[in-house]
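Novice: need the 3D shape of this:
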Amino acid sequence: MNVLAFDTAMGACSVAILKSGNLVAHHFEEQPRGHAETLVPAIESCFRCAKLEMSVIDRVGVTAGPGTFTGIRVGLATARALVLGTRARIGSVCTLQVLAKGLTQSIGSKVRSPRSVLVPVCDARRGEVYLQVFDGQAQPLSEPMVLPVKSAGEHVEALAKADDRVLYFGSGADLISPYLAGREALKYETGHPVHPDAKNLASLVLEMQDAELGIPSPIYLRPPDAKLPGSK
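Specialist: Numbering: from 1, shown residues only. The predicted model follows:
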C-alpha cells in the first residue's frame, strides 16, 4: 500500500511517502507559520524523490488537530483537494497520537511496557496546554483535551496508576514540569519529540481500517483567538 502523509498543524511542516509500507521520501522543517506556501512544494519534492505520482497513492494521511487554526485548515484542505479524481482515501489522525507514535519510534522498548504512560503536551498559549494520555503502544487512554498549565498534571495523575511510569514530552512539557514536584507516580522527560512528524503519521494511517477512512473533521478544542468585528 502507498501512503502520502503530511502535517501542518503545529510548529513544523512535514511530508512522508510510504511505498509498499516502506519510507521512500521524507521532508521535515520546523516552521511556526507559512505552511500554505511550503506544503505543496514539499509534497512535489517528495514525489520526485520517490519517483511516484499521485495516481498510485492509496491513502492520504493528515493531522486533524489540535493545533493552529490556520495550520489545521491548510492540511485538511490540501488532503481533500489531492484525493479528487483519484482512488485515494483520507485517514486523519490527532496530532497528539502522532507525537505519541513518534516517542515509541525514537526510544522504542524504553516506553513499550505495561507500566508506561505517554503524555504528549503541547503549548496552546494563554496559559493552557493540549494533552492526551496514551499507553506504551501509543493507544489512547483519554480523549485529547486543553487544560490550564497548573492543573494538567492533576488530570493525568487521576488517570495513571500508582506504579506507572509517566513520560511527559512535547512543546508544553517544560511549562508543566514545575507543577509535577512531589508526585512520585509522575516522572518528567523531555527532548522527544516536539512536533508531529509525517513519517509517524503515515505509519498510523497505514494501520487504519477501511471503516476509519473518510472525509476528515478538524479537532478544535477551543474557539479561535481571532473574532469577527462586533462579535463578543
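Novice: got the domain ranges for the chain?
Specialist: Each structural domain of the chain that the record assigns through automatic domain parsing is listed here as a residue range: 3-94+195-212, 96-188.
Novice: the spatially most central residue of the chain and residue 209, how far apart?
Specialist: When the chain is reduced to its mean C-alpha position, the nearest residue by Cα atoms, centre = their mean turns out to be residue 95, at 2.0 Å. Going from residue 95 to residue 209 by Cβ to Cβ, to the nearest Å gives 21 Å. For the C-beta atoms, the positions are set from N, CA and C on the backbone; glycine is no exception.
Novice: what's the answer for residue 177, then?
Specialist: Here the distance between residue 177 and residue 209 works out to 37 Å (Cβ to Cβ).
Novice: neighbour-wise, which of those two wins?
Specialist: Each of residue 177 and residue 209 has its neighbours counted (other Cβ atoms under 10 Å); residue 177 has more, 17 against 7.
Novice: now do the SS call for the more buried one.
Specialist: State at residue 177, reduced to three classes by DSSP: H, G, I helix; E, B strand; the rest coil: helix.
Novice: what's downstream of the lowest-mean-pLDDT helix or strand in the chain, the next helix or strand?
Specialist: The helix or strand of the chain with the poorest confidence is strand 186-188; it has a mean of 65 (mean pLDDT, DSSP states H and E). In the C-terminal direction, the helix or strand that comes right after strand 186-188 (DSSP states H and E) is helix 198-207.
Novice: same for that next one, what does it pack against?
Specialist: Counting contacts by 3 or more Cβ pairs under 8 Å, 6 or more residues apart in numbering; DSSP states H and E, the secondary-structure elements packed against helix 198-207 are strand 3-7, strand 12-19, strand 22-30, strand 59-63, strand 89-93, helix 95-107.
Novice: I'd like these as TSV, with mean pLDDT appended.
Specialist: Written out in TSV, the entries for the helices and strands packed on helix 198-207 read as follows (pLDDT from 0 to 100):
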stretch	mean pLDDT
strand 3-7	98
strand 12-19	97
strand 22-30	96
strand 59-63	98
strand 89-93	98
helix 95-107	91
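Novice: most packed of the ones you listed?
Specialist: Highest mean neighbour count among these (mean count of other Cβ atoms under 10 Å): strand 3-7, with a mean of 29.
Novice: what strands flank that one, and is each parallel or antiparallel?
Specialist: For strand 3-7, the paired strands and their directions (DSSP bridges) read strand 12-19 (antiparallel), strand 59-63 (parallel).
Novice: chain center to the following helix or strand past the shortest one, what's the gap?
Specialist: The first helix or strand that comes after strand 59-63 along the chain, using DSSP H and E, is helix 69-83. For helix 69-83, the distance from its own C-alpha centre to the chain's C-alpha centre is 14 Å (Cα atoms, centre = their mean, to the nearest Å).
Novice: alpha carbons of helix 69-83, as CSV, please.
Specialist: Included here for helix 69-83 are C-alpha records, laid out as CSV according to Å, rounded to 0.1, in the frame of the first residue of the first chain:
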residue,chain,number,x,y,z
PHE,A,69,-6.4,27.0,13.2
THR,A,70,-4.6,28.1,10.0
GLY,A,71,-2.3,25.1,10.0
ILE,A,72,-5.2,22.6,10.5
ARG,A,73,-7.2,24.2,7.7
VAL,A,74,-4.2,24.1,5.3
GLY,A,75,-3.6,20.4,5.9
LEU,A,76,-7.3,19.3,5.7
ALA,A,77,-8.0,21.4,2.6
THR,A,78,-4.9,20.1,0.8
ALA,A,79,-5.9,16.5,1.6
ARG,A,80,-9.4,17.0,0.2
ALA,A,81,-8.0,18.6,-2.9
LEU,A,82,-5.4,15.9,-3.6
VAL,A,83,-7.9,12.9,-3.5
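Novice: alright, calling it a day.
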